[in-house]
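**Q** Make a model of this:
(2 chains)
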Number of protein chains: 2
Amino acid sequence: MKKGRVTIPTDENFVEGTKKYVKEWGADAVRDCDGTELPKNVGELAEKVYKTYFIVRGDNDFAYESDAHMQNIAMISERATAFSETLEIDLLKSLFEEQIKVNLTDYKKYWQVFDRTTGRELSVDEWEYIGDNKVLVKKAEKMHEYTVNYFGYSLWDATQVYNYTCNGWTITKDRDYDPLYPDVLEHILENLDRWIEENPQVNVVRFTTFFYHFFILYHKGDQQKLFDWYNYAMTASPAMFEKFFAEYGYEIKLEDLVTEGYYGNHFILPNKAQLDYMDLVQRFVSKTMKKIIDKVHASGKEAMMFWGDNWMGAEPYGKYFSEMGLDAVVGSVSSGATLRAVSDIPNLKYTEVRMMPYFFPDSLWNEDAATESLLYNWTIERRAMLRKPVDRIGFGGYLKLADQLPKFCKSVGHICDEFRTIYDTVANKLPYCTLKVAVLSYWGKEKSWMTNMVMQDAPFDRTRPYLGFLESLAGLPVEIDFISFADAKAGRLQEFDVVINAGLEGTSFSGGECWKDGELLVAVREYIANGGGFIGIGEPSANLYGGRYFQLADALGVDKEMGYSVLFNKYNTQIHEHFITEDKDGEIDYADGTDHVYALDGAKVLDAKCKWGKTSMNNCHVKMAVNEYGKGRCFYLAGLQYNAVNTRILYRAMLWCAGKESLLRKAFSSNVHTECHYYPDSKRYALVNNTSEEQTTTFFDIQGKTTEYALRPNEIVWINE
Amino acid sequence: MKKGRVTIPTDENFVEGTKKYVKEWGADAVRDCDGTELPKNVGELAEKVYKTYFIVRGDNDFAYESDAHMQNIAMISERATAFSETLEIDLLKSLFEEQIKVNLTDYKKYWQVFDRTTGRELSVDEWEYIGDNKVLVKKAEKMHEYTVNYFGYSLWDATQVYNYTCNGWTITKDRDYDPLYPDVLEHILENLDRWIEENPQVNVVRFTTFFYHFFILYHKGDQQKLFDWYNYAMTASPAMFEKFFAEYGYEIKLEDLVTEGYYGNHFILPNKAQLDYMDLVQRFVSKTMKKIIDKVHASGKEAMMFWGDNWMGAEPYGKYFSEMGLDAVVGSVSSGATLRAVSDIPNLKYTEVRMMPYFFPDSLWNEDAATESLLYNWTIERRAMLRKPVDRIGFGGYLKLADQLPKFCKSVGHICDEFRTIYDTVANKLPYCTLKVAVLSYWGKEKSWMTNMVMQDAPFDRTRPYLGFLESLAGLPVEIDFISFADAKAGRLQEFDVVINAGLEGTSFSGGECWKDGELLVAVREYIANGGGFIGIGEPSANLYGGRYFQLADALGVDKEMGYSVLFNKYNTQIHEHFITEDKDGEIDYADGTDHVYALDGAKVLDAKCKWGKTSMNNCHVKMAVNEYGKGRCFYLAGLQYNAVNTRILYRAMLWCAGKESLLRKAFSSNVHTECHYYPDSKRYALVNNTSEEQTTTFFDIQGKTTEYALRPNEIVWINE
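**A** This is a model prediction of the structure:
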């Protein structure tokens, strides 16, 4: 039996059990977990010992010593309407007072009061802080809405708030401190020295994570006001603003980060100050972490980043990430796309993912359910592993709990083995790819596998139509890159067979006002006209201008009716048969994607939903269409839920757009519930059943030669060339 | 038996039949119809004789004499992409060549070529007309899109094109001439003189209509490219542009009318030139029609406008309409809203509507179906009649055909009688109204009962959510006015109990960029805060700015998630019981109105559709909500299909917004399928069954005293006070 590449939790009270599962699952690493302690002599249990390390959290004596250690948050008050000429704005309205304290440092310098009805910023003598967390607008314009931008001290670690308030903890509340202050950083480095000394058996320092938390605000302890996994609001402070001025020679304003209340989240196109700011934070995090990681390395240990909690400024696909010298990243994933987000990170010694479910009471309460959940997640993530595996997998929680569920434990063992088999065949070799595909957005590379996400792959009605294609891509036999509009203008489109633009109008992912840039339009049109493939999902290139909503309507062959051109009859509603839908096995789920799209002359509609109405031609919503443009081909899709039927549609659409339909039945499995991957270097095929039922399928080898197969539930059949 | 107020068609071949129905239906007027001739001695058949009169159509010898008589159209070519540096644009691409001929008059002066990718207008030396309906862009930027604005001669009457090409006619194609040319106008006046002399028995000259057709373009004879009942494109010509310059001292450009290809339709906010232009056309039409109508009056006849065909420039609610001195307007209607559009026209001697169905073979082919259609339309229009009746009703088509359907004819007689009874009780007296309600849009009064319409009340998916409330209003016991944003800023909101803003973002009906005007926002907020009622439907006050999509979100208590604030949790999803939904009898049909609306703190959700998702609180779409704001109240509705349940909801919502809930059960009928109208001057109530089934209901008199009633299908019970 194979061994290695697996991390499991251990506990000082479960040493013999740990040994059992190290053996049964072939684990080569053990780790601690919230609420457990590593056993003494833990080094004897496995080759590797991971231990969690908090840099800015859990050291409360020091944290509470002075407000000057504390982290801050870039804040904007709720909007307040002036019902009379004097208006008092409560800065903490709808906030949790245990999380935030108003920071009065130089407030006349940093704070901003805006009349949101006119967009005017008030001069500093038009408002005053009057105590009790309130700002007075001295002479408000009646019926105008006002807001205050301010700095809030971050009183309580954002992750702990929830755990704490929900579980009735009474220990000291963790307060994060800010390494931007030299004395804090010095303290951090001292702490680390001591810890290294105290933990000789630990090989891997598992950082959870670095300095600045992603953005969570609370209404109250058990109710989050907002949650944004990608937001820099909690990196900001007067000190960081001063650093900004020192480096760039101009002032950043709180408005650059709170952006009218949207908090500059990554759906919003950033302005220059916000971009410079993010660059600054990334450089600071990277440079400072390098000091910390250098110490780790000097002690002979490895440095691992847990991708979560305080990860802001440490963008795995960012410019400065590699400079900090990390050995590894471990991510918590629940899908193929989030797995690829980890496995594709460059310049690391290794990557790892923590598998679902955790060995926690709320997930292991029922053995069948836990086992099903385990297999379900594994099957989804396995698709992505088969394209680009992480180097290790791991489990978290209480091993003792899992030990009570023998069937579950057997499945864990099976997964560990299957993972190792996959890894041995796949790792560090490019699997056979039919196409090179790019996802085109404002952000490009930096948001690899993070496009249109708020809370990783958690679905919101506004983003759901744009998550599915990414999940489908994660396991398809194509090479994937993420490129920016700047890349497109610089001529990079030509590198790809197919380019995808997906998202809602106005967002950075679709592109918003970037599509007013003729240079970008020309670059994309030229790429297509010269034979490129283009796929638009939802509201691609949408930006109402010059008579079009989709700026690439001419190429896509569709536009969206926004209510300005209702007078035009839309005749092109007939559904065409097409290569893309040839083996469509069931209804396509568009994830409630875009409505009101109509086809222009020349486009071919592949699917449309036509509603009630005597003028029905004007009440059809095109869901899928193709169009030829110059030598190129385009495909439009209203949205996409991830599932087997949809994945096949997307794959066929990509092949068609690229003019490579003939590649379909090479290294291919006919049944949509199965997939085939081919590894030329290993001379093997993986024929995979993605369902928990038996499936029969026709396997096509790389020459197109067919063989029939029956696959057991979830089975991978390895076929030698 | 009562008599009068009814017009029926006659025919020289059906004189005895005409006499029979004059008697049976109590008709006092006869009219001709397409393809029939009035009998000799027609004056003996009825008190009034109407005869159709075309001012600019059907006089083809003169029309074909010279291009200089012809009408023009403001045109824009299809968009053309420059795949190379030279680009030829075919001006007539996708058009019907029998409808349009390119007008080369001073083309370098009038035509415009735009690069739609950059928005730049090309200078005149950058393009050339090269014959064969083609414009050459000399040095096009590759992959940019270009359009040409030009004048087209209108070769063929837009109404006739369809009839002609669909029915295989071979007569001369009607060509409309333009009264803007003095020799044409002179000819028109001579024709009229002669006609008056030749038609001594005619009392009423029924103009079909005046000069300029509403906008129809064809792809081919039997396929319309576009249809816009409200569009001025067919009023334009080089001569009208010269008149514009002469009057205003600045040049109007074709772009002011074709607006990027949207043809300045009334959903688009107009610019100054477009407004001036419409004013010019209206003044010209009114002034010229006055000359014509003066002749009609001098001959002792009446002048009636058929509201259709060539009605552009004769806006019944426009500033100059009354100046032409019309006696009557007859409209073709199919709903309560379109009926009110006719019956509310001020400054006329009388109004009339042509009832559906026409006595045409395609509508009278089956007696039961025809009778059902007759009663269905009557029942819908009757609601509006009971509020504000027209003065006359009429029928069109071939009486001989109707004569073959005795049951149908009996129903016509019943309707004529019921109409006269209604008229006697209702006309010229204000019925009891519980509220004063205003519909607020950019256009105000001028678009009374025409808001959000393209083809009168024909439903399009983009406008359907905004047609239903108007239809409901048409028959509710409220006084209705249509006001503009300028009226709102001038303080007119205070006249009303409830103000409604409805429509799609960016349109003139919702208001688009007008909502960036702080003065407007203050006016509306102040009105509400002081106790006013406000109802928003669909995307009220929508204009993404300053952190809000609905600029009145603070008052409405809802906003729409556009994808920029997905990070915020939306907790306010609990459905509340409320006065508005107290007797809700079935599901509300929101006509596929706005999705992605969420409730702000403090608002009360009355209905929401929550979709799939683990984070379901962020996937609820609020369909109906209320909010209190200052002393005022607001109601939000995603859209509204006209039906009985929805009408009751709207009525209750208006009462609640106005704080007049106590008026609900005064002059009221409990069953939503019935309605009650009260006429204080006549001291009568009408208790109406709006369905073709029996209904029982509790009738509340004006004091609130109740009586139970059973109503026969479609019955009106008249109750004396």
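
**Q** Going by C-alpha atoms from here, please, whenever you check contacts or count neighbours.
**A** Fine.

**Q** now A:Val717, what's its secondary structure?
**A** In three-state terms, and counting by DSSP: H, G, I helix; E, B strand; the rest coil, A:Val717 is strand.

**Q** Could you list everything it pairs with in the sheet?
**A** Residues in a beta bridge with A:Val717, per DSSP bridges, are A:Leu687.

**Q** show me what contacts it?
**A** Residues in contact with A:Val717 (Cα atoms under 8 Å, 6 or more residues apart in numbering or on different chains) are A:686-688, A:711.

**Q** Also A:Thr371?
**A** Here A:Thr371 is in contact with A:407-408, A:411 (Cα under 8 Å, 6+ apart).

**Q** Doesn't it lie inside a strand?
**A** No: looking at A:Thr371 with three-state DSSP, it is helix, so not inside a strand.

**Q** Tell me which stretches of the stretch 551-700 of chain A form strands.
**A** A:558-560, A:597-599, A:604-610, A:620-629, A:632-637, A:668-669, A:674-679, A:684-689, A:695-700 (DSSP state E, counting those that start in this stretch).

**Q** so who does the residue lying closest to A:Phe360 once chain neighbours are set aside touch?
**A** Once flanking residues are discounted, A:Phe360 sits nearest to A:Gly397: 5.5 Å by Cα to Cα, 6 or more residues apart in numbering or on different chains. Contacts here follow Cα under 8 Å, 6+ apart; on that basis A:Gly397 touches A:9, A:33-34, A:358-360.

**Q** which secondary structure element contains the residue nearest to the spatial centre of chain A?
**A** Of all residues in chain A, the one closest to the mean position by Cα atoms, centre = their mean is A:Met450, 3.3 Å from it. For A:Met450, there is no host helix or strand (DSSP states H and E).

**Q** go on, A:Lys109?
**A** helix A:107-110.

**Q** A:Gln456 is in contact with the residue nearest to the centre of chain A, correct?
**A** Yes: under the criterion of Cα atoms under 8 Å, A:Met450 makes contact with A:Gln456 at 7.0 Å.

**Q** do you know how far A:Asp559 is from chain B?
**A** Distance, A:Asp559 to chain B, using Cα to the nearest Cα, to the nearest Å: 13 Å.

**Q** likewise A:Gln274?
**A** 16 Å.

**Q** before we move on, back to that, so how far is the helix holding A:Lys109 off the chain centroid?
**A** 34 Å (Cα atoms, centre = their mean, to the nearest Å).

**Q** before we move on, the earlier item: of the contacts of A:Gly397, closest to chain B?
**A** Checking the contacts of A:Gly397 against chain B with Cα to the nearest Cα, the nearest one is A:Tyr358 at 18.1 Å.

**Q** how about the closest one, phi and psi?
**A** As for A:Tyr358, its main-chain torsions (degrees, to the nearest 10) stand at phi -60, psi 150.

**Q** Would you confirm that it contacts A:Leu399?
**A** No: with contact defined as Cα under 8 Å, A:Tyr358 does not reach A:Leu399; the gap is 9.6 Å.

**Q** Quick one: low-confidence residue ranges for chain A.
**A** Residues of chain A that meet the criterion pLDDT under 70 lie in A:1, A:612-616.

**Q** what's the domain layout of it?
**A** Domain assignment for chain A, taken from automatic domain parsing, gives A:6-58+A:179-226+A:268-426, A:71-154, A:435-663, A:668-720.

**Q** Burial-wise, tell me which of those domains comes out on top.
**A** Looking across the domains of chain A with neighbours counted as mean count of other Cα atoms under 10 Å in any protein chain shown, the highest average goes to domain A:435-663: a mean of 22.

**Q** Spatially, what comes nearest to the residue sitting furthest away from the middle of chain A if we skip its sequence neighbours?
**A** Residue farthest from the centre of chain A, counting by Cα atoms, centre = their mean, is A:Glu85 at 45.1 Å. Excluding the flanking residues, the one nearest A:Glu85 by Cα to Cα, 6+ apart is A:Ala140, at 4.7 Å.

**Q** and what of A:Ile55?
**A** A:Phe210 (6.0 Å).

**Q** now swap in A:Thr706 and tell me
**A** With sequence-adjacent residues excluded and distances taken as Cα to Cα, 6+ apart, A:Thr706 is closest to A:Phe700, at 4.5 Å.

**Q** now do A:Leu364
**A** Excluding the flanking residues, the one nearest A:Leu364 by Cα to Cα, 6+ apart is A:Ala370, at 5.4 Å.

**Q** For A:Leu339, see how far away that neighbour is.
**A** 20 Å (Cα to Cα, to the nearest Å).

**Q** Pull up the gap between A:Val184 and A:Glu190, please.
**A** 10 Å.

**Q** A:Ala710 too?
**A** For A:Ala710 relative to A:Glu190 (Cα to Cα), the value is 61 Å.

**Q** just A:Leu136 next, same as before
**A** In terms of Cα to Cα, A:Leu136 sits 44 Å off from A:Glu190.

**Q** Confirm A:Lys51 sits in a strand?
**A** Yes: when classified by three-state DSSP, A:Lys51 is found to be part of a strand.

**Q** wait, doesn't it sit right on A:Pro200?
**A** No: the criterion here is Cα under 8 Å, and A:Lys51 misses it with A:Pro200 at 11.0 Å.

**Q** In the stretch 551-700 of chain A, what residue comes closest to chain B?
**A** A:Phe568 (4.2 Å).

**Q** so the nearest residue to that residue once chain neighbours are set aside is in which element?
**A** Leaving aside its chain neighbours, A:Phe568 sits nearest to B:Leu226 (4.2 Å; criterion: Cα to Cα, 6+ apart). Using DSSP H and E, the element containing B:Leu226 is strand B:223-228.

**Q** same question, A:Ile415
**A** Secondary structure assignment for A:Ile415, by DSSP H and E: helix A:406-426.

**Q** same for that helix, what does it pack against?
**A** With contacts taken as 3 or more Cα pairs under 8 Å, 6 or more residues apart in numbering or on different chains; DSSP states H and E, helix A:406-426 sits against helix A:367-385, helix A:399-403.

**Q** Could you list the residues in contact with the last one?
**A** In this case it means helix A:399-403. Against helix A:399-403 from outside (Cα under 8 Å, 6+ apart): A:8-11, A:14, A:17-18, A:359-361, A:364, A:408-409.
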